[in-house]
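Asks: Coordinates only, no sequence provided:
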């Protein structure tokens, strides 16, 4: 698959991506991805700020999309997140993932989350495991 086909595949994904209105905006062939979400009321915690699970999911989708940019199926093996600031309702959160190290079976991705006014919301690290399947395999 070309990088454009992989991006479309990720953008058209159903499941949690669609349910949470998270959109894969960019992919690059060097293992990078950008994912966005607008913080609607459904994505907030009882305190009125972005739920930690919302931010974590945004990071997971970004890391997974970055790993998929190679045309391979990857799943999260391990992850770690640091929350710095709250995400406020109505703001746009952007997660940018980039590949730190890739081997034959695993890869490590760093993810940074900012809101649309420049506040650094969170950082995460994801270790992804490549299953041995390609994205083309998953389409059949």
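Replies: Now that the structure is in, tell me what you want to look at. Computed from a predicted model, the values in this text were never measured in an experiment.
Asks: Could I get the full set of strands for the protein?
Replies: Taking DSSP state E as the test, the strands found in the chain are 23-28, 32-38, 72-83, 92-102, 106-115, 120-134.
Asks: how about JSON lines for these, with distance to residue 6 added?
Replies: Backbone N, C-alpha and C define where each C-beta goes, glycine included. Putting the strands of the chain into JSON lines (distance: least, CB to CB, whole Å) gives the following:
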{"stretch": "strand 23-28", "distance to residue 6": "6"}
{"stretch": "strand 32-38", "distance to residue 6": "10"}
{"stretch": "strand 72-83", "distance to residue 6": "10"}
{"stretch": "strand 92-102", "distance to residue 6": "14"}
{"stretch": "strand 106-115", "distance to residue 6": "15"}
{"stretch": "strand 120-134", "distance to residue 6": "10"}
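Asks: Among the ones you listed, which comes closest to residue 47?
Replies: strand 72-83 (12.9 Å; CB to CB).
Asks: Tell me the pLDDT of the residue nearest the centre of the chain.
Replies: Centroid-nearest residue in the chain, with CA atoms, centre = their mean: residue 62, separated by 1.6 Å. pLDDT, residue 62: 97.
Asks: Kindly report the same for residue 140.
Replies: Predicted confidence (pLDDT) for residue 140: 55.
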